[in-house]
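Enquirer: Quick check, what structure comes out for this input:
(2 chains)
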Amino acid sequence: MALINTAGREIQCKLVYYGIGQSGKTSNVQYIFQHSPSESRGQFLSVATEQEQTLFFDFLPLDFGLVHGFHVRFHLYTVPGQIRYERTRAAVLQGADGVVFVADSHRDRLEENYGGLVELEANMHSLGRDMATFPLVLQWNKRDVPDALSTAIMDRYLNRRGVPTFEATAINGMGVFPTLRTICKHIMARL
Amino acid sequence: MQEGDARLTTVRERVAAFAAEAHARQVVLLEMSGHVLAAAGAAWNDDVALGALLASLFGSARALAGLFGEGEFRALFQQGASTSIYTILIGDRWLLVTAFDGTTQVGLVRMLAAGAAADLAALLAALAQVDLSAVRAVVHSPAFRTSFDDTLDRLFGADADEMEGV
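Expert: Numbering: from 1, shown residues only, chains lettered A, B, ... in the order given. A predicted model of the protein is given here:
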């Protein structure tokens, strides 16, 4: 949960990018790191990688500066997407204030995306969080692939809760910041 | 907010006192989410990254404990050539992390950390009782939202909303 420091007038929030393997979670955070003002971004940490896939997590602290008298910080995490790292994903979700679920638009990955969402809901439930009110945004990533599913189909099967969705090609930045802006607003609204 | 200020100061003073007594290189009190509440010493100047790494490490240890039928690993010890780290769980939300070198002893660190953790458990429980409704009223006010939206525009581009709701 967010850390609210009344003495220092600070607010710290935790945002997790979740999704199946190679859906583009790290690409999102890398783009944010590369294209955010230097004074706002902290050190980008990528903990133990294996064959260019995230083994534990990526981490990027963002300092939003003073907002109406409060110092606001967001800490961005990614989870490893491979199936065998389910327990690691649950560990990284601990204390999250919001989640961006990054779905792979490849036609043949719809079922995996669905399974990832089911797992996310189960993990949040085990942490005592109610997904009905928890800040969640869905990102349809890799819109540039030739066999991309239509957004209508992805919305129909993956967005049962009717949360905000964004088309993205995270590798070149399309849709990355709109996704980030919206989840940040939702988190602050639920604080 | 003054009540919260005083209680947080007390927490930070207890952390600083423990760090001095244990001759620790650095002591960090952080939430399981990775957010740092208090720190003393200066072994590593990036408390934010330290918090993320330590909290994830402990989260991983918690999952490991589950595999072995343990409810929880209450403490972790990592031994290095010159610097070692002792981490102890406070309640189910907070971690007290102590980095120390050869100027002190692990036994002393463990003993003093146990005492500090007991004190901090009570202090953190009192801190959790602080009424945050005034802060939430500010955060949910139209003025704050406008300021927050402006900040997002400045940092991440004003045209972002054009992409919403595809």
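
Enquirer: Name the helix or strand of chain A that has the lowest mean pLDDT.
Expert: Ranked by mean pLDDT, DSSP states H and E, the weakest helix or strand in chain A is strand A:45-50, scoring a mean of 68.

Enquirer: What is the subsequent helix or strand relative to it?
Expert: Next helix or strand after strand A:45-50 toward the C-terminus (DSSP states H and E): strand A:53-67.

Enquirer: what about A:Gln94, how many residues close to it?
Expert: The burial count assigned to A:Gln94 is 22, neighbours taken as other Cβ atoms under 10 Å in any protein chain shown. For the C-beta atoms, the positions are set from N, CA and C on the backbone; glycine is no exception.

Enquirer: show me the contacts for it.
Expert: By Cβ atoms under 8 Å, 6 or more residues apart in numbering or on different chains, A:Gln94 lies in contact with A:127, B:32-33, B:55, B:59.

Enquirer: Relative to A:Asp130, how far out is it?
Expert: 16 Å (Cβ to Cβ, to the nearest Å).

Enquirer: okay, the contacts of A:Gln94 in CSV with secondary structure and neighbour count next?
Expert: Rendered in CSV, the data for these read as follows (DSSP: H, G, I helix; E, B strand; the rest coil; neighbours: other Cβ atoms under 10 Å in any protein chain shown):
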residue, secondary structure, neighbour count
A:Leu127, coil, 13
B:Met32, coil, 21
B:Ser33, coil, 26
B:Ala55, helix, 27
B:Gly59, helix, 23
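
Enquirer: By pLDDT, rank those and give me the bottom one.
Expert: For the contacts of A:Gln94, the minimum pLDDT belongs to B:Gly59; the value there is 79.

Enquirer: Please report phi then psi for the nearest residue to that residue once chain neighbours are set aside.
Expert: Counting by Cβ to Cβ, 6 or more residues apart in numbering or on different chains, B:Gly59 lies nearest to A:Ala91, which is 3.2 Å off, once chain neighbours are set aside. Note on A:Ala91: backbone dihedrals following degrees, to the nearest 10 are phi -70, psi -40.

Enquirer: shouldn't A:Ala91 be in contact with B:Ser56?
Expert: Yes. With contacts counted by Cβ atoms under 8 Å, A:Ala91 reaches B:Ser56, the gap being 6.3 Å.

Enquirer: which residues touch B:Val15?
Expert: B:27, B:29, B:38-40, B:96, B:116, B:120.

Enquirer: and if we set it to 7 Å?
Expert: Contacts for B:Val15 (Cβ atoms under 7 Å, 6 or more residues apart in numbering or on different chains) come out as B:27, B:29, B:38, B:40.

Enquirer: quick one: it from B:Leu30, how far?
Expert: According to Cβ to Cβ, B:Val15 and B:Leu30 sit 11 Å apart.

Enquirer: Could you name every residue contacting both of these two?
Expert: Between them, B:Val15 and B:Leu30 share no neighbouring residue, with contact defined by Cβ under 7 Å, 6+ apart.

Enquirer: hmm, back to that, for the residue nearest to B:Gly59, what are its contacts?
Expert: With contact taken as Cβ under 7 Å, 6+ apart, A:Ala91 is in contact with B:56, B:59-60, B:62-63.

Enquirer: 6 Å instead, please
Expert: If you count contacts by Cβ atoms under 6 Å, 6 or more residues apart in numbering or on different chains, A:Ala91 has them with B:59-60, B:63.

Enquirer: Could you report the separation of A:Ser23 from chain B?
Expert: Using Cβ to the nearest Cβ, to the nearest Å, we find A:Ser23 at a distance of 17 Å from chain B.

Enquirer: Stretch A:5-25 spans what distance, first to last residue?
Expert: Across stretch A:5-25, the terminal residues are separated by 29 Å (Cα to Cα, to the nearest Å).

Enquirer: Just the closest residue of chain B to chain A, please.
Expert: B:Ser33 (2.3 Å; Cβ to the nearest Cβ).

Enquirer: just so I have it, where are all the helices in chain B?
Expert: B:2-21, B:47-67, B:106-128, B:133-139, B:142-156 (DSSP state H).

Enquirer: in the second one, what's buried?
Expert: Which is helix B:47-67. Within helix B:47-67, the residues that qualify as buried are B:48-63, counting by 16 or more other Cβ atoms under 10 Å in any protein chain shown.

Enquirer: can you name the two of those residues that are farthest apart?
Expert: Taking Cβ to Cβ as the measure, those reach their widest spread between B:Val48 and B:Ala63, a distance of 23.3 Å.

Enquirer: max-length helix in chain A?
Expert: As assigned by DSSP H, the longest helix anywhere in chain A is helix A:110-126.

Enquirer: Can I get the helix or strand where A:Val102 lies in PDB? Just the C-alpha atoms.
Expert: Assigned by DSSP H and E, A:Val102 belongs to strand A:98-104. Once non-C-alpha atoms are left out, strand A:98-104 reads as follows in PDB (Å, rounded to 0.1, in the frame of the first residue of the first chain):
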ATOM      1  CA  GLY A  98      -1.900  -0.400  -9.000                       C
ATOM      2  CA  VAL A  99      -1.200  -2.800 -11.800                       C
ATOM      3  CA  VAL A 100      -0.700  -2.400 -15.600                       C
ATOM      4  CA  PHE A 101      -1.500  -5.700 -17.200                       C
ATOM      5  CA  VAL A 102       0.500  -5.900 -20.400                       C
ATOM      6  CA  ALA A 103      -1.100  -8.300 -22.900                       C
ATOM      7  CA  ASP A 104       0.600  -9.600 -26.000                       C
END
